[in-house]
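Enquirer: A predicted structure for the sequence below; I have some questions about it.
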Amino acid sequence: MKSIFTFRKNILTTSCLIILTVSVSMAQRPKIGLVLSGGGAKGISHIGILQAIDSAGLKIDYLTGTSMGSIIGGLYAIGYSGKQIEKISNNLDWDAILSNNPNFADISIDEKDEYGKYSVELGLKGLKPQIGTGLIESEELWLTLNDLFLPVYNIKDFSKFNIPFKCIATDLSDGKAVVLSKGEIVTAVRSSMAIPSVFTAIDYDSTKLVDGGIIRNFPATDIKKMGADLVIGVNLFTGLPNISKLNNVLDVFYQITQYRDAEDLVKEKKLCNLIIEPPVEKYSAGSFDAIDSIMLIGKKTGKLYYPYFKHLADSLNNLYPINYNPDKRLPKTESIVIDEVTFDGIKNTSMSLLSDKIQIKPGHSYTANQINKGFKKAYSSRYYDNVYYELKPTTKGHAKMVCKVKESLLTQVKLGLSYHSYSGAAVLANITVRNLFLDKSRTMVKIAAGEYFRLMIEHKQAFGQKANNYINLCYRHENLPLNVYDGSQQTSLYHVNYNQFDFNYTRVFGTNWSLAAGIKQKRNTFSPEVTDNLKVDGSMNNYFAYLKSEAKTTERRLYPTSGYEFSAEAGMVFNREAQITIYNNDSKTIDTSDIINGKPEFYRFMVNYSRYHALSKKLVFLYTLQAGITVNSQGFIFDNFYLGGVQDLSDRQMVFVGLYEGQITSTSLSSALVGIQYNFSGSLFLTGKVNRGIYNFSTPTNVYDEDKLKWINGFSLGLGYNLSVLPMEFTAMYSPEIGTIYSHVKIGFLF
């Protein structure tokens, strides 16, 4: 307590001497300059200092910043208060900002099938893989900055902001500092924080810009050049961190950028009248998982310096009275009329595709949220590495929109690893070519090479005013086992080749819902590998005409915390043809093809709905309802539904913990599941699930026969590690009706 009192007494004495010295030599109010250094996540502590400055009523006249200091400083300079910036920070999705990946909910449902299912994705130019100037483009960062800086879309000279502002970047061609004071504020602050090899470099005139922290992390020189008489500096660099604290790629590259800063800082600090250094040394540039703690440190530091700010503000206001309200500095701009839309960077894709996605019509008024929604939809089409916009003011409340486009390479190669208890180990490979035959198309070849071979060839063609109509043609081949069980006992193992052609028309509504109508032609060949009694050999062909609806609103593929997944399919199976031979133990053969041949068509219905509700930041409640029924089916195994497994692997499977895949087959199934998902540390998840179901309740003559139905129950406990390049899940499960504890393992991605 005594040390804090002594500290406050010292800074009050210092402030008195500063004000007296400056005031005696000046006929007008001294100009206050504020310098905010870079520091990655540690820069969140700047916000607490700004709040203390606001509370004291101290008017800042000039502001400079680097890297994170440029973003927070830029927001403060255009008129956001410290409290408003804290609210912004708390609402940001830092995981999305610090990644190349859009939120899964923003991915169009026609692209969700292949998004986030591989460890590595590389663009090909010719036959050469292409690597950018950084790991992260961060579409989310661009659009977030566009939203936040919309109030000053019409101000291109930063000296015209509520507080004149400059930020620092580094010229990648010669390593010299570039002081950004005019142009697009979003581009300026994005350049200032482009940590080399982490964030991509930003094009600027004929060169590229990267993080200003490389050359000048604490830009006090520039605040003096702007005309500041009193300089307050907030410095987050207190020396190079111990090597043991470098925990991720952001930390490592930030360490590299600070070598020069260690020398430059001594000179820059001498230009300041007051240096504030929040005690954040135990955190690193990449500590975005600890922003609440860092924010608290900033607030405590701000309160410590509040007496200085208050005394300085009161003294200046007594000598030079002004009318100043820190909470009413931000210009009001809620929407803008877009007069014209132009495109910059389109070479290999069409302007109509981008126009179809963003849905910005000249002559209409849009909020930032409405504009961003369209650009997220465009980015989620996977045609672009980056797509954002600049607004060029025309008349009051109006602007010309320039769409800035960085196209993805049209050919993408994707690789992943897979191990599953049912399908074994495999290497996944995918080559996707866009616009191979026609504009707005996706052609894909995908294989799983391993214990069981799988192949998919698909061509998807979009058309229509909003590019939300699709014609799809797909061929699938799968070589998978078919296990036949009697309770817990596996009685047979069959080798099955599945071949399927699928032709459908799909209409996408919004982002997350689709409706399809199509026809599938299927051919299955099967032969026994292991059997206790009868051996069945042969093949079966059929056609399936169907209607299908899908919706997915979850925010990520694995371990979602909100949203739902829905699918429903109804259709008719017809033109069935079979060649089936049964071999019994007496070596007699029986041709049973007439079980299928000549039989009338039958009807199949299937529905699945899963919902996720966050109970807290770490705890999620989930449930699943599913049902399937066939009408007029003869109950042949390849016509049935399959119950069992932890993940959905086939089009007629129903997940049921406690059972292996296909441990129960039936013409009718229905079940309900409830579970809890707990994120107990980082990317580690613990899940507990309970499900209960009925089956065999439908017969050829009755849709529901209570006397025939059977009950089944199951329980599971799983441990998952949601590592983006190789997710893992280990599950133990049990069904009291089966009486056996099973283990289940999934590593990597599913085909």
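Expert: Cool, got the structure.
Enquirer: in the stretch 51-200 of the chain, which spans are strands?
Expert: 62-66, 120-125, 128-130, 134-136, 165-171, 177-180, 197-199 (DSSP state E, counting those that start in this stretch).
Enquirer: quick one: closest of those to Phe501.
Expert: Proximity of the strands of the stretch 51-200 of the chain to Phe501 was assessed by CB to CB; the nearest stretch is strand 120-125, lying at 27.7 Å. Yep, even glycine has a C-beta here, placed from its N, CA and C like the rest.
Enquirer: so what strands line up beside the closest one?
Expert: Strand 120-125 has the following strand partners under DSSP bridges: strand 128-130 (antiparallel), strand 411-420 (antiparallel).
Enquirer: quick one on the thing from earlier: so which of the strands of the stretch 51-200 of the chain is the most packed in?
Expert: Sort these by mean neighbour count, taking mean count of other CB atoms under 10 Å, and strand 62-66 sits at the top with a mean of 31.
Enquirer: tell me the mean pLDDT for stretch 537-552?
Expert: Stretch 537-552 carries an average pLDDT of 94.
Enquirer: how near is the closest residue to Pro279 other than its chain neighbours to Gly43?
Expert: Nearest residue to Pro279 in three dimensions, chain neighbours excluded: Ile297, at 6.3 Å (CB to CB, 6 or more residues apart in numbering). Ile297 is 12 Å from Gly43, where distance means CB to CB, to the nearest Å.
Enquirer: same question for Leu480.
Expert: 52 Å.
Enquirer: ok, these two, which is more surrounded?
Expert: Gly43 (30 against 21; other CB atoms under 10 Å).
Enquirer: surely the more buried one is in a helix?
Expert: Yes - under DSSP: H, G, I helix; E, B strand; the rest coil, Gly43 falls within a helix.
Enquirer: check which residues of stretch 720-728 are buried.
Expert: For stretch 720-728, burial by neighbour count (16 or more other CB atoms under 10 Å) applies to Gly720, Asn722, Pro727, Met728.
Enquirer: again, but for stretch 628-637
Expert: Gly628, Ile629, Thr630, Val631, Ser633, Gly635, Phe636, Ile637.
Enquirer: please apply the same query to stretch 515-524.
Expert: Ala516, Gly518, Lys520, Lys522, Asn524.
Enquirer: dump the buried residues of stretch 628-637 into TSV; add secondary structure and distance to Ala545 as well.
Expert: As requested, the buried residues of stretch 628-637 are exported to TSV (DSSP: H, G, I helix; E, B strand; the rest coil; distance: CB to CB, whole Å):
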residue	secondary structure	distance to Ala545
Gly628	strand	17
Ile629	strand	17
Thr630	strand	15
Val631	strand	15
Ser633	coil	16
Gly635	coil	21
Phe636	coil	19
Ile637	helix	22
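Enquirer: tell me the two of those residues that are most distant?
Expert: Once CB to CB is applied, the buried residues of stretch 628-637 give Val631 and Ile637 as the farthest pair, at 17.5 Å.
Enquirer: quick check: closest non-adjacent residue to Leu455.
Expert: Nearest to Leu455 is His477, by CB to CB, 6+ apart, at 4.5 Å.
Enquirer: contacts only, for that neighbour.
Expert: Phe453, Arg454, Leu455, Met456, Asn497, Tyr498, Asn499, Gln500 (CB atoms under 8 Å, 6 or more residues apart in numbering).
Enquirer: name the element it belongs to?
Expert: According to DSSP states H and E, His477 maps onto strand 469-486.
Enquirer: ranges for the helices of the stretch 51-200 of the chain?
Expert: Remark: helices assigned in the stretch 51-200 of the chain by DSSP state H, counting those that start in this stretch are 68-78, 82-91, 94-97, 139-148, 185-192.
Enquirer: Ser355: which of the ones you listed is closest?
Expert: helix 139-148 (17.7 Å).
Enquirer: can you tell me what sits against that closest one?
Expert: Under CB under 8 Å, 6+ apart, the answer for helix 139-148 is 71, 75, 80, 88, 92-93, 96-97, 99-100, 102-103, 186, 189-190, 368-369, 371-372, 375-376, 379, 386-389.
Enquirer: can you rerun that using 6 Å?
Expert: Residues from elsewhere that reach helix 139-148 (CB atoms under 6 Å, 6 or more residues apart in numbering): Ala96, Ile97, Val186, Ala368, Asn372, Phe375, Tyr379, Asn386, Tyr388.
Enquirer: just the residues you listed: which has the poorest pLDDT?
Expert: Ala96 (78).
Enquirer: contacting residues for that one?
Expert: So Ala96 contacts Asn103, Glu140 (CB under 6 Å, 6+ apart).
Enquirer: can you give me the helices for the stretch 201-350 of the chain?
Expert: 220-226, 249-269, 291-319.
Enquirer: tabulate the ones you listed (JSON lines), appending mean pLDDT.
Expert: Listed next are the helices of the stretch 201-350 of the chain as JSON lines, based on pLDDT from 0 to 100:
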{"stretch": "helix 220-226", "mean pLDDT": "96"}
{"stretch": "helix 249-269", "mean pLDDT": "66"}
{"stretch": "helix 291-319", "mean pLDDT": "95"}
